[in-house]
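Chemist: need coordinates for the following:
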Amino acid sequence: RNRVAGRLDLTDEAVMCRSLHDERGGTQPFGVYLLDPSDERTELGRILERSVLFEFFENTEAMLDEEYRPYDDASRFIVLVDHERARVAGAVRLIHGGTACGLKSIRDACRPDSWNLTPEDFLSEDPLLDGRSATTWDIATLGVRAPYRGEPHNSFYSASMLHATYWWSLLAGVRAWVAIIDEAVLDLLHSVSVPLKPVCGQPPLEYLGSSRSFVCFLLIDEFRLLLRERAESPVEGLVLNGAGFHDVVSFPDIVLTAVQDASRTDSEATSGP
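Modeler: Down below sits the predicted model:
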């Protein structure tokens, strides 16, 4: 394995992907990994960002560095790794609230040259939309590389990352998400029952190369109820329970245990005494 000064070579995507797979093991062709700021392999998430955001919005590496580097110490990444190709297939950047840097989506939506909102506007929409609170997270970026998009992949890869994002949020005690999302991505998320709504009914505006982006929010309790109501449908079953994933995608033990515990609790509540 390539190493630099006794550490992983963070310029080599395949090396980082293989190191994650080596640590977990398993035979599934894909794996979802949760990476906190202390893990240098969060660079995989930045590799994905550079690839997808340049493809769609012509965001350069220098631009992304300027926009997102101030939030790196508060950023957690969920990465979907193709084990067979040793490459990152998709990623979500989550910025957790309650830190000095704040939440990028709230800060950017409050700029005079964007939506010109105020932190109070977010709080008036819902008191949970508070970037000073550790219970609010920012879905800052998400994307899937070209080979993993389109039929028959449209729901599968996105849903696997949403499954992990949802459960990691629950495990961390998160109660709300905020995001600034391109209209096409928002439509995709709505198609897999992610109930993101515009903050204060704000219209779409140009944002970081996207001609139509919405500043949005989601309350986790509402998302949980919606998923449970629709748990029998294939996509919602994927996001809620990981149904149909586990022969193809490996997940962290903490997520698997949480899903099993929740399923057991729901079953006991349904069966009654």
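
Chemist: strands of the protein, residue ranges please.
Modeler: Along the chain, counting by DSSP state E, strands occupy 3-4, 7-8, 30-35, 75-82, 87-96, 136-144, 176-182, 197-198, 205-207, 210-219, 249-250.

Chemist: so what pairs up with Gly143 in the strands?
Modeler: Here Gly143 sits in beta bridges with Ala91, going by DSSP bridges.

Chemist: what count of nearby residues applies to the closest residue in space to Glu183 that isn't next to it in sequence?
Modeler: Closest residue in space to Glu183, ignoring its immediate chain neighbours: Arg212 at 4.2 Å, by Cβ to Cβ, 6 or more residues apart in numbering. All C-beta atoms are positioned from the backbone trio N, CA, C, and that covers glycine. Around Arg212 there are 14 other residues, counting by other Cβ atoms under 10 Å.

Chemist: same question for Ala62.
Modeler: As a burial measure, Ala62 scores 8 neighbours (other Cβ under 10 Å).

Chemist: let's have the strands of the chain in JSON lines, adding distance to Leu128 and mean pLDDT.
Modeler: Below are the strands of the chain laid out as JSON lines (distance: least, Cβ to Cβ, whole Å; pLDDT from 0 to 100):
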{"stretch": "strand 3-4", "distance to Leu128": "43", "mean pLDDT": "38"}
{"stretch": "strand 7-8", "distance to Leu128": "38", "mean pLDDT": "61"}
{"stretch": "strand 30-35", "distance to Leu128": "23", "mean pLDDT": "97"}
{"stretch": "strand 75-82", "distance to Leu128": "19", "mean pLDDT": "97"}
{"stretch": "strand 87-96", "distance to Leu128": "14", "mean pLDDT": "97"}
{"stretch": "strand 136-144", "distance to Leu128": "6", "mean pLDDT": "96"}
{"stretch": "strand 176-182", "distance to Leu128": "4", "mean pLDDT": "98"}
{"stretch": "strand 197-198", "distance to Leu128": "13", "mean pLDDT": "97"}
{"stretch": "strand 205-207", "distance to Leu128": "23", "mean pLDDT": "98"}
{"stretch": "strand 210-219", "distance to Leu128": "6", "mean pLDDT": "98"}
{"stretch": "strand 249-250", "distance to Leu128": "30", "mean pLDDT": "94"}
